[in-house]
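K.L.:
need a 3D model of the following:
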Amino acid sequence: IGTLAPGQTRTLVFTTRFSTSADAQSYASTATATAPGLSDLVTSATVAVAAEPVVRLALASERAPLSPTAETTYMLTYGNLSGRTLTEATLSLPVPEGLRFVSATGGGTESGGIVRWNVAPLGVNGGGQVRATFEPASMLTAGTLVRAEATLGPAPSVAAATGAPVEQPGLLRLSYTTSQ
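P.N.:
Sure, this is the predicted structure:
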């Protein structure tokens with residue numbers, strides 16, 4: 001991507017297509033950022049692929065990289081493409097390791113380390129967006145990767161994941177997300 005000036009960012013986007021003849025599978029992808037004299041930053045994301053997608057879910061952190069001491073909010077965007085109303089639909093987001101639940105929009109509640117939203121009934125072509133805010137349970141270590149994975153189910157079900165490193169002040173930053 002060339003040379004970046006201090007404070008400059010660069011976004012790279014790539015599209016991946018999967019065979020629709022395969023049964024549902026999960027695919028992982030990894031991104032690495034390197035710079036001379038600095039430690040490499042590595043992050044990954046996983047996406048579930050179904051032969052006929054009927055529900056969609058995307059998960060993203062509103063802050064990447066994460067601050068070692070500040071709150072971060074995750075955004076979950078979901079939709080129903082099934083051609084029928086889903087009478088049972090629950091979004092689930094386990095509290096990411098190293099973080100503590102603060103709040104959620106859209107009626108989300110935390111219990112047993114999992115934030116849940118009842119989004120049923122979810123009509124044909126219906127969908128929405130909710131957020132969950134977390135704070136560090138203690139000082140996060142710079143350079144570590146905080147992963148989050150959400151699901152929408154029970155059936156049909158889909159998962160989305162994201163990972164963001166904890167910022168290293170003045171150093172290289174990297175974030176990576178997937179959606180389907």
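
K.L.:
before we move on, what SS does Arg63 have?
P.N.:
coil (DSSP: H, G, I helix; E, B strand; the rest coil).

K.L.:
buried residues in stretch 96-115?
P.N.:
Residues of stretch 96-115 classed as buried by neighbour count (16 or more other CB atoms under 10 Å): 96, 98-99, 101, 104, 108, 110, 115. To be clear about C-beta, it is placed using only N, CA and C from the backbone, and glycine gets the same treatment.

K.L.:
let me redo that: stretch 141-149
P.N.:
Neighbour-count burial for stretch 141-149, with 16+ other CB under 10 Å as criterion, is recorded at 143, 145-149.

K.L.:
now the strands for the protein?
P.N.:
Secondary structure of the chain (DSSP state E): strands at 25-33, 41-49, 55-61, 72-80, 90-94, 99-104, 109-111, 114-118, 127-136, 145-153, 158-165, 176-177.

K.L.:
and those strands, which is most packed in?
P.N.:
Of all the strands of the chain, strand 158-165 has the most neighbours on average by mean count of other CB atoms under 10 Å, namely a mean of 23.

K.L.:
could you dump that one to PDB, C-alpha only?
P.N.:
Taking C-alpha atoms only, strand 158-165 is exported to PDB below (Å, rounded to 0.1, in the frame of the first residue of the first chain):
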ATOM      1  CA  VAL A 158     -25.800 -17.200  10.500                       C
ATOM      2  CA  ALA A 159     -22.700 -15.900  12.300                       C
ATOM      3  CA  ALA A 160     -20.500 -12.800  11.800                       C
ATOM      4  CA  ALA A 161     -17.100 -12.000  13.400                       C
ATOM      5  CA  THR A 162     -14.800  -9.100  13.700                       C
ATOM      6  CA  GLY A 163     -11.400  -8.500  15.300                       C
ATOM      7  CA  ALA A 164      -9.600  -5.300  16.300                       C
ATOM      8  CA  PRO A 165      -6.300  -4.900  17.900                       C
END
